[in-house]
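Trainee: okay, sequence plus prediction incoming.
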Amino acid sequence: MIKCENLNFCYGNNKVLDDINFTINKNDFTVIMGDNGCGKSTLLKILNGLIFPSKGKYLFNNKEITKNYLKDNYNMALFHQNIGFIFQNYDVQLFNSTVYDEIAFGLRTMGLSENDVNQRVMDCLKLLDIEELKTRVPYNLSGGEKKKVVIASVLAMNPQVIVLDEPFNGLSMKVQEELLSLLVNLNKCGKTIILTTHRYDQIKGIANHFLIFKDKSIKYDFTRNQLINNNEVKEYCRML
Ligand SMILES: Nc1ncnc2c1ncn2[C@@H]1O[C@H](COP(=O)(O)OP(=O)(O)O)[C@@H](O)[C@H]1O
Ligand SMILES: [Mg+2]
C-alpha cells in the first residue's frame, strides 16, 4: 500500500533522509521511532504529499506520488481522501469558526449533500465523544479537545490510512489512553495507522510494525516479535 524506494530528501543542500526503503501493508499499525531531528516528521510530510523526495520513489497504492501527479485535481482529491494526516502542531489544522464546521469542511469540499455531511459529522463527534463541543470555537479549546477535533475532521473523510506525528505529546494520560484505544479500534476496523512516538513502552504491545531510525536512515524494519526478541534494539528504542 505504501512503499519507499531509495528515498532521499534534502532541505537545500542539507540531506536529512538518506536511502530510505520500506513497505507498509494495508491494516498495519506502524510506529516510526528515532532520535530528535533524524527526519521522522520530514518522512511523514512526504507520505502525505506535502513535500516530495529529492531522489528515489514514494508509491501509494502502486502510484508514484510526485508533484506532477498531484497537480491533477482528480489525483489530488483521491490521494487526500485516502490518507489523512494529523500534524504535530495540529493547531494549524483548525481554521473554522465552529467545531461542527471544522469537521464538515472536508466533506463539503467533496461535494456531499448537507444531510450526508450532518450524518458523518455527528458520527465523528460521537466516536470522539465530543458532541458537547459541536458549537464551540476550535481556537478556544484545550489541547486535548483540539486534538480530538482534528482527528474527527480527518476521520470524517474516512481515509484508508491515518498518519499521526507524535500524537501523544502534550496530552494528559487520560486523553492519551483514549486516543490509543481509538487507534486500536480503527486498526481493528481495517485502517492502516502510521505514527511517530518516543514512547516505546506505551506502544510496544499495540503496533505490529516498527521502523527505527539511526541518523538519517531506517536502520531496523521489524515486526513486533522481531523487536521483542532483540534486546539491543529494544533498549535502543527505550532510550529514544
Ligand atoms: N523546513 C525545514 N527547513 C530546513 N531544515 C529543516 C526543516 N524542517 C526540518 N529540518 C531539519 O531536518 C532534520 C529532520 O527534521 P525532522 O524531520 O523534523 O526530524 P524529527 O521529526 O525526527 O525530529 C533536522 O535536522 C531539522 O533541523
Ligand atoms: Mg518530528
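Mentor: The structure has been received and is ready for your questions. Residues are numbered from 1 along each chain as shown. Ligands and ions are numbered 1, 2, ... in the order given.

Trainee: could you check how far Asn61 is from ligand 2?
Mentor: 25 Å (C-beta to the ion, to the nearest Å). Using the backbone N, CA and C atoms, a C-beta is placed for each residue, glycine as well.

Trainee: begin at 448, not 1, for the rest of this chat.
Mentor: Taking 448 as the first residue, the last one we looked at is Asn508.

Trainee: dig out what the most centrally placed residue in the chain forms beta bridges with.
Mentor: By C-alpha atoms, centre = their mean, the chain has its centre lying nearest to Val610, at 1.1 Å. Bridge pairing for Val610 (DSSP bridges) gives the partners Phe532, Ile641.

Trainee: now do the contacts for it.
Mentor: Applying C-beta atoms under 8 Å, 6 or more residues apart in numbering, we find Val610 in contact with 491, 494-495, 530-533, 641-642.

Trainee: and which of these is nearest ligand 2?
Mentor: Ranked by distance to ligand 2 (C-beta to the ion), these are led by Leu491 at 7.8 Å.

Trainee: and the contacts of Val610 as CSV, adding neighbour count?
Mentor: Below are those laid out as CSV (neighbours: other C-beta atoms under 10 Å):
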residue, neighbour count
Leu491, 22
Leu494, 19
Asn495, 21
Ile530, 24
Gly531, 23
Phe532, 22
Ile533, 22
Ile641, 25
Leu642, 23
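
Trainee: filter those down to the ones near ligand 1?
Mentor: Contacts with ligand 1 within the contacts of Val610, counted by C-beta under 6 Å from any ligand atom: none were found.

Trainee: report pLDDT for the residue nearest to the centre of the chain.
Mentor: Looking at Val610, its pLDDT reads 98.
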